[in-house]
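> no sequence for this one, just the structure:
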């Protein structure tokens, strides 16, 4: 066997070995990380988060509520509670379970990592927002405190996550929740969304699909027995009262006229028409937003639709002399005005 062939084989072996070790989500490093996280620790940490959540909402936490939240049997939940008590993380067991100072501190560390990772996914990656919570649920059991501090520094030490939840500080301090339920406001009020609850995921997905996001100004057009009608940029969106209860808001300083003023999107523009970019929706974040801006889609840019695919999705646009294809999902988030 000649030397060149031997070197080629050795090179291939080295590359394959490296892939086996470092391949994202499948490599051996990731495998061993998963192996180190035994299920009992995950259950303990998830229990601490559950107890903290109930205390924060001033609801009694019990063995049964832990069992229900973690989808485990009562006996398993009882054993977990005893472990937490022996570790000094909860007070001696009574009907209602409560955290000690050490337990609260531990819970806040987990919550801090979870919310920092959600913020990282929102602002630094192109991960779909419906996946933020699920991915953070895994990472919170892996990242160390040192990792969390490095991550926080990298993303600018945010104090709220993308859902509007406060992020605990490294010292264990946390701001109070903002706003009040959307259902507590009256018709004909202008409000600003400050928090959207991301659980249960099915309800959160519906709110995302309705185009609702944190820091958005909306006008409450009508409240019926089972639904709320919102006016956003001249478009009416109807959500059920249970869905609306997952949204917290504050009185908005924006006027009704400004909130309900008709907004045209790039998706509505006919082939050959010339339009000017007004803004990109705040719902577009992270890599997706940076990609659009890198393509030249910034306020003041002139855009002309050139051709449509058979299903009119995607559409090819002339943007600063370049031909760019955009999906309707993206063009719907680009607000425009006519080019006079």
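Right, received. Where do you want to start? The structure displayed is predicted, hence computed values, not measured ones.
> outside of stretch 216-226, which residues touch it?
182, 185-193, 212, 228-232, 236, 240-241, 249, 252, 254, 256, 258-260, 282-283 (Cβ atoms under 8 Å, 6 or more residues apart in numbering). From N, CA and C alone the C-beta is placed, and that goes for glycine too.
> Pretty sure residue 286 sits against residue 129.
No. In this structure residue 286 lies outside contact range of residue 129 using Cβ atoms under 8 Å: 9.2 Å.
> Tell me where this protein has strands.
Using DSSP state E, the strands of the chain run over 180-181, 190-196, 217-223, 227-232, 235-240, 247-251, 264-265, 275-280, 302-308, 315-319, 322-326, 334-338.
> I figured residue 135 hits residue 127, correct?
Yes. The criterion here is Cβ under 8 Å, and residue 135 meets it with residue 127 at 6.7 Å.
> Could you pull out the residues contacting both of these two?
Joint contacts of residue 135 and residue 127 (Cβ under 8 Å, 6+ apart) are residue 121.
> Let me know the distance separating residue 195 from residue 289.
In this view, residue 195 and residue 289 are 21 Å apart by Cβ to Cβ, to the nearest Å.
> Leaving out sequence neighbours, find the closest residue to residue 108.
residue 168 (4.2 Å; Cβ to Cβ, 6 or more residues apart in numbering).
> what about residue 40, how many residues close to it?
For residue 40, the neighbour count with other Cβ atoms under 10 Å is 12.
> For it, give me its contacts.
By Cβ under 8 Å, 6+ apart, residue 40 lies in contact with residue 83.
> repeat for the one 5 residues further on
If you count contacts by Cβ under 8 Å, 6+ apart, residue 45 has them with 106, 110, 140-141.
> Just the pLDDT at residue 126, thanks.
On the pLDDT scale, residue 126 is placed at 86.
> domain ranges for the chain?
Here the domain assignment for the chain is 3-32, 39-99, 180-260, 264-338, based on automatic domain parsing.
> wait, which of the ones you listed is closest to residue 152?
Nearest to residue 152 among these is domain 264-338 (17.0 Å), distances taken as Cβ to Cβ.
> quick one: contacts for the spatially closest residue to residue 158 that is not a sequence neighbour?
Leaving aside its chain neighbours, residue 158 sits nearest to residue 119 (5.1 Å; criterion: Cβ to Cβ, 6+ apart). By Cβ under 8 Å, 6+ apart, residue 119 lies in contact with 155, 158, 161-162, 167.
> Narrow those residues to those that are buried.
The neighbour count (16 or more other Cβ atoms under 10 Å) marks 158, 161-162, 167 as buried among the contacts of residue 119.
> which of these lies closest to residue 272?
Using Cβ to Cβ, the buried ones among the contacts of residue 119 come closest to residue 272 at residue 162, 37.8 Å.
> Could you check how far the closest residue to the closest one other than its chain neighbours is from residue 145?
Nearest residue to residue 162 in three dimensions, chain neighbours excluded: residue 122, at 3.9 Å (Cβ to Cβ, 6+ apart). Distance from residue 122 to residue 145, counting by Cβ to Cβ: 22 Å.
> Show me which of the two is the more surrounded one.
Set residue 122 next to residue 145 and count neighbours by other Cβ under 10 Å: residue 122 wins out with 19 against 11.
> Pretty sure the more buried one sits against residue 132.
Yes. The pair residue 122 and residue 132 passes the contact test of Cβ under 8 Å, sitting 6.3 Å apart.
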